[in-house]
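Enquirer: Structure, please.
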Amino acid sequence: MTILLKFLRSKKILREALFFGLIGFIGLLVDVAVLYLIKSLVGLLYGRLVSFMSAVVVTWLMNRRWTFKKRSSGLNNANEFFIYLAIMLIGGSVNFGLYAWLVTSFQLFQVNPIIGVAFGSLAGMLINFFSSRYILYRHRSL
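Expert: Numbering: from 1, shown residues only. Predicted coordinates:
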């Protein structure tokens, strides 16, 4: 609870969260665009693997450049990327897990699955943001 209160009081963290969310939205657009560009060539499943990885690369580059520009991982680029990818996979798992639980457990979410998507996305984004900020980019660089 104290982390949440600190989060809400800090303009710096709010700025980072806003950038993280906006970049996440850009990642979503990349994910969808790449999937639609290649789905006829490799199918929906392999296409989604490629589109997800494309979105991860784009969001990693943008987040390290803008969101966490005053923070550092202290790692070389390859190691930083693989940790970022792991964090995104954890957040994605939380996203899907919450969504699956909501739509299989509650009538409201069965009738309105978009609400489940929203809850899952928010939970995944929070996990990804805090993991990125406090685990990967934990060092102040400036």
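
Enquirer: Name the helix or strand of this protein that has the lowest mean pLDDT.
Expert: Lowest on mean pLDDT, DSSP states H and E among the helices and strands of the chain sits helix 2-9, with a mean of 65.

Enquirer: next structured bit after that one?
Expert: Next along the chain after helix 2-9, taking DSSP states H and E as the criterion, comes helix 11-62.

Enquirer: Could you measure from the residue of the chain positioned farthest from its centre over to residue 119?
Expert: Within the chain, the residue lying farthest from the chain centre (CA atoms, centre = their mean) is residue 107, at 27.2 Å. Shown here: residue 107 relative to residue 119, a distance of 15 Å by CB to CB, to the nearest Å. No exception for glycine: its C-beta is placed from N, CA and C like everyone else's.

Enquirer: Ignoring the adjacent residues along the chain, who's closest to residue 79?
Expert: Nearest non-adjacent residue to residue 79, counting by CB to CB, 6 or more residues apart in numbering: residue 73, 7.8 Å away.
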